[in-house]
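Quick one, fold the following:
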Amino acid sequence: MRDKIDALPSISRRAFVSGVAALPLASAVSSSAGAQAAWPTRNVTMIVPFPPGGLADLAARPVAQALDKVLGHAFVVDNRAGAGGALGAGVVAKADPDGYTMLVTLNSVVVSPESDRLFNRTPIYEVPQLTPVAQIISDPNVIAVEATSPWKTVKDFIDDAKKRPGQITYSSSGNYGSAHLSMEMFARAAGIKLQHVPYRGAGPAITGLIGGQVGATSTTVGTIISQIEAGKIRVLGAMSDKRIDNLPNVPTLKEAGIPLSFYVWAGMFVPKATPDAVVTRLRGAMRTVLTDPAVTAIYTKAGTKVAYLDAPDFAKVVAEDHTRLAKVVKDIGKLD
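Take a look at the predicted model:
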């Protein structure tokens, strides 16, 4: 039942791969202590707990390539898919805290233990076993409908849903995934009831929308930008704090009177007991990498943007999402 919260198709993969291949040498990060300078002395494993081509993989690979140059040793991306990201996160949570095993994952990392508890399963890991290092990207979800849909605005959608409670369907990449959680949060905030139709991944969920099998979905812009440009999908509203740059005519839900934002973020974590000197050096390297225009350009070409946060601010984001998404999972309850 641990469905993927990312389950996203490749995002401008050709541009992404070519951009990573062309990444120039970044400047070295200086260390302030001998202990920091001693790490790394060998290659580092960067676990991505989802298959190649998804949002977490997109977040990880430019960082890994740049850290190779910055820290002088290879950062090897290891895709350990399974259990909706929980298996890979569990590997890192239980790894030796020596700085040689790290995790790049999505906000699913805060959901998996809560869904396990809901079904009386022992969680593979607990969130406090992981130390946040840096946020890499953060994309808002949007509410999307098929282009010929009668709904032109969020208000149209809500008004119709109030007339037909439980009859309007929406697709998701799976139970307790980002689309599922964000649409349930939207429904509660708007005072409506919708019918959830889970698919096995975001690609099939979007196909179901375009094919008219469901009425709506929630996803990031990067996953549907080609369908938007082709006139197959209409975006009603953005779950962002401000309008999205490449969709300037789409209002936020807050503009539509719905006090809700929902972002799918990707960030780096290390095992809890990793030495402070190692974490400090890694934080410095991430700051260098994620403020390098050559690196940020790779993400832009792939349809997203760097949303760098250093450890203290990223830890706050993780804690806030852990609290609010755990509540949503409990509110939804057990699903077949």
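
mind saving the C-alpha coords of stretch 322-330 as PDB?
Taking C-alpha atoms only, stretch 322-330 is exported to PDB below (Å, rounded to 0.1, in the frame of the first residue of the first chain):
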ATOM      1  CA  HIS A 322       5.500  15.900   8.700                       C
ATOM      2  CA  THR A 323       2.900  17.400  11.000                       C
ATOM      3  CA  ARG A 324       0.300  18.500   8.400                       C
ATOM      4  CA  LEU A 325       0.600  15.500   6.100                       C
ATOM      5  CA  ALA A 326       0.500  13.000   9.000                       C
ATOM      6  CA  LYS A 327      -2.800  14.600   9.900                       C
ATOM      7  CA  VAL A 328      -4.100  14.300   6.300                       C
ATOM      8  CA  VAL A 329      -3.200  10.600   6.200                       C
ATOM      9  CA  LYS A 330      -5.000  10.000   9.500                       C
END
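
and it, what's its mean pLDDT?
Averaging pLDDT along stretch 322-330 yields 94.

so H196 sits in a strand?
Yes. Assessed with DSSP: H, G, I helix; E, B strand; the rest coil, H196 lies in a strand.

pretty sure it is touching F186, no?
No. Under the criterion of CB atoms under 8 Å, H196 makes no contact with F186, lying 11.9 Å away. C-betas here are computed from N, CA, C, even on glycine.

Spell out, range by range, the strands that occur in the stretch 101-250 of the chain.
Ranges of strands within the stretch 101-250 of the chain are 101-106, 130-146, 169-172, 195-198, 216-220, 233-238, based on DSSP state E, counting those that start in this stretch.

Okay, buried residues for the fourth one please.
In this case it means strand 195-198. 196-198 (16 or more other CB atoms under 10 Å).

how about the residues you listed in CSV, adding pLDDT and distance to T207?
Listed next are the buried residues of strand 195-198 as CSV, based on pLDDT from 0 to 100; distance: CB to CB, whole Å:
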residue, pLDDT, distance to T207
H196, 97, 17
V197, 96, 12
P198, 92, 14
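
Next, format the residues you listed as JSON lines and append distance to V77.
Listed next are those as JSON lines, based on distance: CB to CB, whole Å:
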{"residue": "H196", "distance to V77": "33"}
{"residue": "V197", "distance to V77": "33"}
{"residue": "P198", "distance to V77": "28"}
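
For T296, which of the strands of the stretch 101-250 of the chain is the nearest?
strand 130-146 (10.1 Å; CB to CB).

How about the contacts made by G99?
Neighbour list for G99: 39-40, 44, 270, 274-275, 278-279, 282 [criterion: CB atoms under 8 Å, 6 or more residues apart in numbering].

one more time with 10 Å, if that's ok
38-41, 44, 270-271, 274-275, 277-279, 281-282 (CB atoms under 10 Å, 6 or more residues apart in numbering).

list the buried ones in stretch 208-221?
Of all the residues in stretch 208-221, those buried under the rule 16+ other CB under 10 Å are 208-210, 214-221.

go on, stretch 174-192?
So stretch 174-192, judged by 16+ other CB under 10 Å, has buried residues 174-187, 190, 192.

Likewise for stretch 235-250?
Those would be 235-240, 244, 247, 250, for stretch 235-250 by 16+ other CB under 10 Å.

Tell me the one among these nearest to Q129.
Out of the buried residues of stretch 235-250, the member with the shortest distance to Q129 (by CB to CB) is M239, at 29.0 Å.

Using CSV, list the CA coordinates for stretch 111-130.
Extracted C-alpha coordinates of stretch 111-130, given in CSV (Å, rounded to 0.1, in the frame of the first residue of the first chain):
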residue,chain,number,x,y,z
VAL,A,111,4.4,10.2,4.8
SER,A,112,5.6,6.6,4.7
PRO,A,113,5.9,6.0,8.4
GLU,A,114,2.5,7.4,9.1
SER,A,115,0.8,5.2,6.5
ASP,A,116,2.6,2.2,8.0
ARG,A,117,1.2,3.0,11.4
LEU,A,118,-2.3,3.4,9.9
PHE,A,119,-2.2,-0.2,8.8
ASN,A,120,-0.5,-1.4,12.0
ARG,A,121,2.8,-2.1,10.2
THR,A,122,6.2,-1.4,11.8
PRO,A,123,7.7,1.6,9.9
ILE,A,124,10.8,0.8,8.0
TYR,A,125,12.3,4.0,9.4
GLU,A,126,11.3,7.1,11.4
VAL,A,127,11.7,10.6,10.2
PRO,A,128,14.0,11.7,13.2
GLN,A,129,16.5,9.0,12.0
LEU,A,130,17.4,11.3,9.1
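
In helices only, show me the buried residues of stretch 174-192.
Assignment to helices by DSSP state H places the following of the buried residues of stretch 174-192 there: 178-187, 190.

now the helices for the stretch 151-300 of the chain?
154-163, 178-190, 202-210, 221-229, 276-290, 293-301 (DSSP state H, counting those that start in this stretch).

With mean pLDDT and distance to A319 added, can I get the ones you listed in TSV?
Shown next, in TSV, are these (pLDDT from 0 to 100; distance: least, CB to CB, whole Å):
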stretch	mean pLDDT	distance to A319
helix 154-163	98	29
helix 178-190	95	17
helix 202-210	91	26
helix 221-229	88	26
helix 276-290	98	17
helix 293-301	93	25
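
what's the closest of the ones you listed to P312?
helix 276-290 (9.6 Å).
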